[in-house]
Structures are given as structure tokens and as C-alpha cells.
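Okay, predicted coordinates and the sequence, questions at the end:
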Amino acid sequence: MKKTFELEDLDCAVCAAKMEDAIKKIDGVNDATVSFMAQKMTVDADDDKFDDIMKKVVKACKKVEPDCRIKI
Amino acid sequence: MTRKQKKSLIRIIVSAVLLGAAFLIQKTVDAPFWVYLLIYLVPYFTVGYDVLIKSARNIAHGDVFDENFLMSLATIGAFFTGEYVEAVFVMLFYQVGELFQSIAVGKSRKSISALMDIRPDSACVVRGGEECVVSPDEVEVGEIILVRPGEKVAIDGVVVEGKSSLDTSALTGESVPVNVLTGDAVISGSINKTGVIKIRTTKPFGESTVSKILELVENASSKKARTENFITRFSKIYTPAVVGAAVLIALVPSLITGQWSEWIHRALIFLVVSCPCALVISVPLAYFAGIGGASSQGILIKGSNYLEALAKTGCVVFDKTGTLTKGVFRVTSVSPVGVSDDELLYLAASAEKYSTHPIALSLREKCEKTAEPTDVREVSGEGVEASVDGAAVACGNARMMKRLGVNAPEVDAAGTVVYVAADGKFIGHIVISDEIKPDSAEAVRALRDGGIGTVILSGDKKSAVDKAACEIGVDASYSELLPEGKVDMMEKIISESAGKVAFVGDGINDAPVLMRADVGIAMGALGSDAAIEAADVVLTDDRPSKIPKAIKISRKTTAIVKQNIIFSLIVKGAVLVLGALGIAPMWAAVFADVGVAVIAILNSIRAMKIK
């Protein structure tokens, strides 16, 4: 399943790239993109564990950029 | 300015004032060095505390090569080497740069987003005789929506009441308004200019044109160009390499000369320059701006990778029918023998009055005044025989003329030839063919001026394709191709072409070719999901002149990306060399970091502006 989320206060392009790397490394995530320009994140992950995976995604993003919020 | 930016600005001003005060105190009051250190630390922490906190946090996460860490290290290092003013000034300058950068990025993001802002906020729906304003999502298919002048049409539908002219420029880039009357279809995203209209919706909001366009454009940033990926990889190597060089500069000459503080100072300059921000921000921004600018012209590019490929296009392959031609059959020539043009058309159109064949339609379109035919006999595969105003009219192909024993000359024309006989005597022929779009030739000429080859691939018969190819002026044309034949031919063209090969079609029956091409361009394809899926670039209308425009935009964008990469690397390289030689001061290094980033960002926005 592929879902897109809006991001708030993502104000560093390098952080966006780091967030993307971190999300891709999460187990169960097939693909992810974080767009600094569109302030959007697309996560493609396994259907059945999507909610669990999203929790990990939020955690990973917090670690890289605490200011940035994911609107779910 | 956002709240965060305002806060940052206040801190910068306060810190600058405090730095000035500290400098005055140092010049006028005699005190031990730790007093000076303390009074300089006040403005330093005021302006840079967040940088210090962030770097500490990132080190805790094991992420060393972080911009914040490098700035912290450089300025703390400056304190240790006794350069108090420089330490504060560098941190201050860095924050000013960051603020500029944040404002520039925010502004450009907003102006690009504004180009794509075609999303209607609400719809006024008429329910039980009352008007209520609801979210477009809530309107069901078949409901009536009311659109007043100045409002956006929220959902695709058909006008049921009223007339108006619509501005579709946000969708197609075309500034001439479209007039609509009762019964006309309207697409969402267009702006009502003059009259109040009521529209019966034909699609849910999610499937309306405006939603489709938004989806395409918003997903575009997830498909990255090769250059973007290269920058990401490059920055992963660049930062550690420069930091490594800094360590060497700090250690090796110091061990030899013993001048530790001088060489550490030079090494700190390296650290400041080691952030690849200018590239990491400006390159994606340029692609974003290019895609945004293109979408404002009705050219929807599905990813920066396609924009990059479009810029390298060496050959554009066109489908003929519906792409370079209108796909609508019209009478293109009337050649009477012994009668007038009008008489010939009148007899033919009358005989064909009740036929539903496309040829009959185009005849009647050309000649509206017709007589009532009697004894109408349609002969399948030949034409129509009928009695018109007492004359026995035969209207059909050469085979029909032969069967009726009419002596008709063989005519070789591009298109369908209709022979007409009256009372067994040949009275002339009418040629019906597809009309070439008014801007096809201009588009091909513009492509040639840009050094791009043009080819037509068509399933149509040779004479028709050759005539169109000649009129439009393409370099080559291939006719009578079956769909598989088109794909094979495409493969051949791709293998022979030096640059990328783009294919332009209407997406209805050429999806395989669209997919096979390096860049598949579907025109006027918003109605067809299959075409949107198969294509890499979608044109909201069906004008071929959009193709050279799209290529121009993509070339400009990639040129800007190149300029930014070269400019950033040259400035950074120069500062690195000068810094190592001890010529460049630390503020020059900060400029090479944030100053270059701001300039590159401003340059990137140019990709959005299309003449």
C-alpha cells in the first residue's frame, strides 16, 4: 500500500534526504520518498503491518528532525 | 515570514547589537582574557544556541557530518584559538544566511505551488431548491452545482442552464476564454468569467480533471532525476572528504611547523565549506520550479527524471491522426466536371442525407442545404444511390462507378475520394481527409530549430501520410503500420538516435509505443486513465506546439541545474584552496556555504518563469 502524508515545518533539505534514508531502512517498507519541495512524504509498505510501520516511521523522523511533524 | 523566521531575525539583531557592545568594551576596557571571553559568549549563545543543541543531539544519534556540528566545531575552535570576534561573527553570518535561505526557499515553494493551485475549495450545490456550499468531495454524480462569475468550476459536468465564458488558462495555459452554452461539457479547474451557470456533474470530484492534474503534479517530486540522485550520493562523499582534508591540514603542517593555532584555524575554514547545502536544496528546487512552470502551461510532467530526459530529446516521433491532424474528417477538395462546386456538394450531401457514415457527416457539414432524397439505397462497401430532385445520383467509391458503368477517371488523392455521378454521367469527385492542426508545422519547425529530428509513425495509408508529412515538414514518415509495427519501428528509431526519443500520441491506441519511448507524451489525454498511466508527460490540450515548449522548459531547467552545480563547486573549491593558503577569512567560508546556497536558490526559481 502506498500512502502520502503531509509534513509540517520540514525546513532542511539535507534532513529530508536523511529522513528518507532512515524510513527506507525500516523493516517492511518497500519504498519511501520525502520531498522537501512538496513538503510531502510517500511511504510504500506492507499492507497488514502498515500502522505499526507508520509508528516506526514517525519515530525515525523525530530522531532526524524533531521540529518536523507528520500529519496523519 | 513564519514565526520561526521572525524569532530567528530577532535573535540575529539582538546578537549583532551585543557583539557590537562586546567589541566596544574590549577596545576601551582593559580586562583579563576570560572577561572578554564571557562578554563574547553572550551574543554567541544568543544567536547560536539552537545550532549547538542540534549538533549535540545529532552526535548522540551518531550523525557526525551535520551542518550544525560543523558550524559548532568551527566557531568553538575559533574561540579556542582566541578569535572571539570571528567566532561570534561567523555564527551570526551563518544564521543570517540560513534565514535568507529559509525565506528564499519558502517564497519560491509558495510561488511554485501557486502556479499549481487549481484546487477548488468548495462547491455550491443546489439541493431541494436551496443552494448550499459544501466540500467538492461531498457532491455526488448527477447533482446540480451553481457556479457564479469569478468562481472555479469544482467538478466536471455539463451545463444545464445559463451561458458564460470560461477561463481555462490554469489548466491549458491557453488565455483565450472558452464560451459555453447549455449542453456543453465543462472541465473542473476552469474559472467562470461572465455569467451564472448551472452544471450537472458527470464525475465525482476525485475523478474530475482538476483532481487528476493535481495528483500528477504532486507525485512528480517523488520521481527523482539522475542529477538529483547524483547530488545525494555526491554529498555523502563530499562532506567526509572535506572533513578528512581539514583534519590533515590541522595536523600535518602543525606537527612540522609547530604553529598549531594558525593551522587549526585554517582547518576550521574547511569545516564551514564542507556542507553541500547549496546543491542539496537548489537542484531539487530547480526541477520543482521547472515542473511547476510547465504545469502552468498545461504540460504535466510526471517526474524530474522525465524532465531530464526531455531535455536530452534528439528525436520526436509523432502519431498522425489526432496528434498532428485533428482526427476529424472534412471536405478538403471539390472537383466538379460540368457542374458548379455547390451543385456537386448539394447532390452528394442530399444523397447521403440519412447516412451515418463519417463521410456523409463531413459532406453534410460542408453543405447544409440539402434536398429530400428518395429511393435511397446504401450499397455496403461502395456508397449510396438515391434520387435527388428527380436525378439518379450515385455517390461512392471507384468500385461503385465501375459497377454502374460510369466513366470516371482514377483519382489519386490523400484521403478518401468520393465519386459522384448523376443519371449515369460522372459529374466530379470530392476528397475528404483529415485536417492538419494549425500549429503542427510551426511545432515541427521549432523542434528543428532546436536541433531535434521529427518522424511520423502512422497506421494510415501511404498517400495520406506522405501528404501530411510533406505539408508539416517532418524529416521522415512511416505509414501503414500495425500497432506492433509501431513498437518495432520505435525500437529501431531508439537504437539509431543519439539522444532520447520522445513519442507523442493521443494515448488511445498507442499506449505500447508511449511506454516504449524514452519519454511518452500523451496529448489531450485527461479523459483517458490508460493514457495518463502509460505516458510520462501529459498535455492538457491537444496542440503540438506544446512539445517544443516542453523541451524548451526542460532544457532551461537542466541548464540552471548545471549552472548551480558548477557555480557552487567552483566557489567552494576556491575558498578551500584560499583557506588552506591562509588567504580566505572564515566569513568567506560562511559565504561559500550559505551565500552560495541563497544565490543558487534564486537562480533555481528562474526555471519557473516561462516566456
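Arrived safely, thanks for sending. Numbering: from 1, shown residues only, chains lettered A, B, ... in the order given.

Can you report phi and psi for B:Gly453?
phi -80, psi 160 (degrees, to the nearest 10).

Run through the bridge partners of it.
Taking DSSP bridges as the rule, B:Gly453 bridges to B:Cys315.

Contacts only, for the spatially most central residue of chain B.
Nearest to the mean C-alpha position of chain B, by CA atoms, centre = their mean, lies B:Ala294 at 3.4 Å. Residues near B:Ala294 by CB atoms under 8 Å, 6 or more residues apart in numbering or on different chains: B:300-301, B:307, B:550, B:553-554, B:610. For glycine as for every other residue, the C-beta is placed from the backbone atoms N, C-alpha and C.

These in strands, which ones?
Of the positions in the contacts of B:Ala294, B:300-301 sit in strands, assigned by DSSP state E.

Now, the contacts of B:Ala294 that are in helices?
The helices, defined by DSSP state H, take in B:307, B:550, B:553-554 from the contacts of B:Ala294.

Tell me which two of those sit farthest apart.
Farthest apart among the ones in helices among the contacts of B:Ala294 by CB to CB are B:Leu307 and B:Ala550. That separation is 8.8 Å.

Tell me which of these two has more neighbours.
The residue with more neighbours, out of B:Leu307 and B:Ala550 and counting by other CB atoms under 10 Å in any protein chain shown, is B:Leu307; that gives 31 against 27.

shouldn't the more buried one be in contact with B:Phe288?
No. Under the criterion of CB atoms under 8 Å, B:Leu307 makes no contact with B:Phe288, lying 10.0 Å away.

does the residue of chain A positioned farthest from its centre count as helix, strand or coil?
Ranked by distance from the centre of chain A (CA atoms, centre = their mean), the top residue is A:Asp48, with 17.9 Å. At A:Asp48 the chain is in coil, as set by DSSP: H, G, I helix; E, B strand; the rest coil.

Could you do A:Phe5 as well?
With three-state DSSP as the criterion, A:Phe5 reads strand.

Just the element for B:Ile493, please.
Element membership of B:Ile493 [criterion: DSSP states H and E] is helix B:483-496.

Going by neighbour count, list what's buried in the helix or strand following that helix.
For helix B:483-496, the succeeding helix or strand toward the C-terminus, using DSSP H and E, is strand B:500-505. For strand B:500-505, burial by neighbour count (16 or more other CB atoms under 10 Å in any protein chain shown) applies to B:500-505.

Could you do stretch B:262-270 as well?
Result for stretch B:262-270 [16+ other CB under 10 Å]: buried residues B:263-270.

Identify the residues contacting it?
Looking at what lies outside stretch B:262-270 - CB under 8 Å, 6+ apart - the contacts are B:73-74, B:77-78, B:80-81, B:83, B:242-243, B:245-247, B:249-250, B:253-254, B:257, B:575-576, B:579-580, B:582, B:584-586, B:588-589.

And the contacts of B:Ala294, which is closest to B:His61?
Nearest to B:His61 among the contacts of B:Ala294, with distances taken as CB to CB, is B:Leu307, at 34.6 Å.

what's the spacing between the closest one and B:Lys353?
For B:Leu307, the distance to B:Lys353 (CB to CB, to the nearest Å) stands at 52 Å.

I'd guessed B:Ser164 sits against B:Ile191; true?
No. B:Ser164 lies out of contact with B:Ile191 (CB under 8 Å); the separation is 10.1 Å.

Would you mind telling me which of these two has more residues around it?
Taking neighbours as other CB under 10 Å, B:Ser164 and B:Ile191 compare with B:Ser164 leading, 23 against 20.

ok, that one - contacts?
Residues near B:Ser164 by CB under 8 Å, 6+ apart: B:147, B:149, B:179-180, B:192-197.

For PyMOL, what selects the buried ones among these?
Here is the PyMOL command that selects the buried residues among the contacts of B:Ser164 (16+ other CB under 10 Å):
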select buried, chain B and resi 147+180+192+197
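
So what's the residue count around B:Glu533?
Using other CB under 10 Å, B:Glu533 has 13 neighbouring residues.

Please give the element, helix or strand, for it.
B:Glu533 belongs to helix B:529-534, assigned by DSSP H and E.

Any chance you could list what contacts the following helix or strand past that helix?
Downstream of helix B:529-534, the next assigned helix or strand under DSSP H and E is strand B:537-539. Residues outside strand B:537-539 that contact it (CB under 8 Å, 6+ apart): B:216, B:298-302, B:306, B:310, B:502, B:519-526, B:531-532, B:546, B:550.

Quick check: buried residues in the strand or helix carrying B:Val465?
Assigned by DSSP H and E, B:Val465 belongs to helix B:462-472. For helix B:462-472, the neighbour count (16+ other CB under 10 Å) marks B:464-465, B:467-469, B:472 as buried.

Likewise for stretch B:580-598?
So for stretch B:580-598, counting by 16+ other CB under 10 Å, buried means B:580, B:584-598.

Quick one: residues contacting the residue of the stretch 451-600 of chain B found nearest chain A.
Nearest residue of the stretch 451-600 of chain B to chain A, counting by CB to the nearest CB: B:Ala597, 9.4 Å away. Residues counted as contacts of B:Ala597 (CB under 8 Å, 6+ apart) are B:97, B:101, B:277-278, B:281-282, B:568.

if we go to 7 Å?
B:101, B:277-278, B:281-282 (CB atoms under 7 Å, 6 or more residues apart in numbering or on different chains).

go on, B:Ala220?
B:291, B:301-304.

give me that answer again for 6 Å
Contacts of B:Ala220 were listed using CB atoms under 6 Å, 6 or more residues apart in numbering or on different chains, and they are B:291, B:302-303.

same check, this time on B:Thr370
So B:Thr370 contacts B:349-350, B:353 (CB under 6 Å, 6+ apart).

Helices of the stretch 351-500 of chain B, start to end?
B:358-366, B:398-403, B:440-449, B:462-472, B:483-496 (DSSP state H, counting those that start in this stretch).

Could you list every helix and strand that the third one packs against?
Same thing as helix B:440-449. helix B:462-472, helix B:546-581 (3 or more CB pairs under 6 Å, 6 or more residues apart in numbering or on different chains; DSSP states H and E).

neighbours of residue 38, just the number please.
If you meant another chain, say so; for now it's chain A. The number of residues near A:Ala38, taken as other CB under 10 Å, comes to 25.

Please refer instead to chain B.
11.

What spatial separation is found between it and chain A?
According to CB to the nearest CB, to the nearest Å, B:Leu38 stands 30 Å off from chain A.

now swap in B:Lys152 and tell me
Computed as CB to the nearest CB, the B:Lys152 to chain A distance reads 22 Å.

That residue bridge partners, please.
B:Ile191.

Report the separation between the residue nearest to B:Trp260 when sequence neighbours are not counted and chain A.
What sits nearest to B:Trp260 in space, not counting adjacent residues and going by CB to CB, 6 or more residues apart in numbering or on different chains, is B:Ser254, at 4.7 Å. As for B:Ser254, its distance to chain A is 31 Å (criterion: CB to the nearest CB).

ok, now which ones touch B:Ser463?
B:Ala414.

count of neighbours near residue 60?
No chain specified, so I'll use chain A. 19.

Chain B was what I was after
By other CB under 10 Å, neighbour count at B:Ala60 equals 9.

Give me the pLDDT value at B:Ala371.
Note for B:Ala371: predicted pLDDT of 85.

where does the residue of chain B positioned farthest from its centre land in three-state SS?
Going by CA atoms, centre = their mean, the residue of chain B most distant from its centre is B:Asp30, 64.3 Å out. On the three-state scheme (three-state DSSP), B:Asp30 is labelled coil.

Show me which residues of chain B sit near chain A.
By CB under 6 Å from any CB of the partner chain, the residues of chain B that approach chain A are B:61, B:102, B:221-222, B:232, B:280-281, B:284, B:288.

do you know how far A:Asp27 is from A:Lys55?
12 Å.

which one of the two has more residues nearby?
A:Lys55 (13 against 10).
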